[in-house]
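S.K.: The amino acid sequence is not available; the structure is as follows:
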C-alpha cells in the first residue's frame, strides 16, 4: 500500500511540475526539459515483469533480462533502477529509448547467504506515464549440500 501511495504521489508531482523551457543539470551536460502531455508521454510495455527462477542452491547467481518496449510517443528516459537489497544488481539503459524501440534491464541476483522463498523487487524511476512496473525475481533457495 505504501508503494502505491508513493507511486501516486510521484505521478501527481511529475504532472504538476511546470518546467516550460527551464534547463537542468544532467551528467555534466545541460539538458532541455520539455513538458509532455500524458497522451504523448513514454509508455512502457514489459514483456514479463515477474521472473520465477524456480529452486536454486544457495550461492548460485541468477541472471535475467527484463525486456520492454517504449510504446509511447516520446523518448523514455530511465534515471535509476533500485533493488530491495545489495544482493540484486540491476543494469538499465543509460540512453533514451525511442518510441517503438525495445530494450532490456539486466538483473543479477546473488543468492549467497539467502535461504527459502525470495521476492527481489527492482523499482524503476523514469519519465513513463503510467509509471514503470516493478520487476520481480522470485524463487526458492535451498541449502547447498
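M.R.: Good, I have the coordinates. The model shown is predicted, which means the values in this text are computed figures rather than measured ones. Numbering: from 1, shown residues only.

S.K.: Now do the contacts for residue 50.
M.R.: If you count contacts by Cβ atoms under 8 Å, 6 or more residues apart in numbering, residue 50 has them with 135-136, 138. All C-beta spots, glycine's among them, are computed from the backbone N, C-alpha and C.

S.K.: And residue 102, its phi and psi?
M.R.: With angles defined as degrees, to the nearest 10, residue 102 sits at phi -110, psi 150.

S.K.: With the one 10 residues further on instead?
M.R.: Comment: the main-chain dihedrals of residue 112 come out as phi -60, psi 130, following degrees, to the nearest 10.

S.K.: Grab the nearest non-local neighbour of it.
M.R.: residue 59 (5.1 Å; Cβ to Cβ, 6 or more residues apart in numbering).

S.K.: What is the three-state secondary structure of that neighbour?
M.R.: coil (DSSP: H, G, I helix; E, B strand; the rest coil).

S.K.: still on that earlier bit, any of the contacts of residue 50 buried? List them.
M.R.: 135-136 (16 or more other Cβ atoms under 10 Å).

S.K.: Am I right that residue 132 is in a strand?
M.R.: No: Residue 132 is assigned coil when assessed by three-state DSSP, not a strand.
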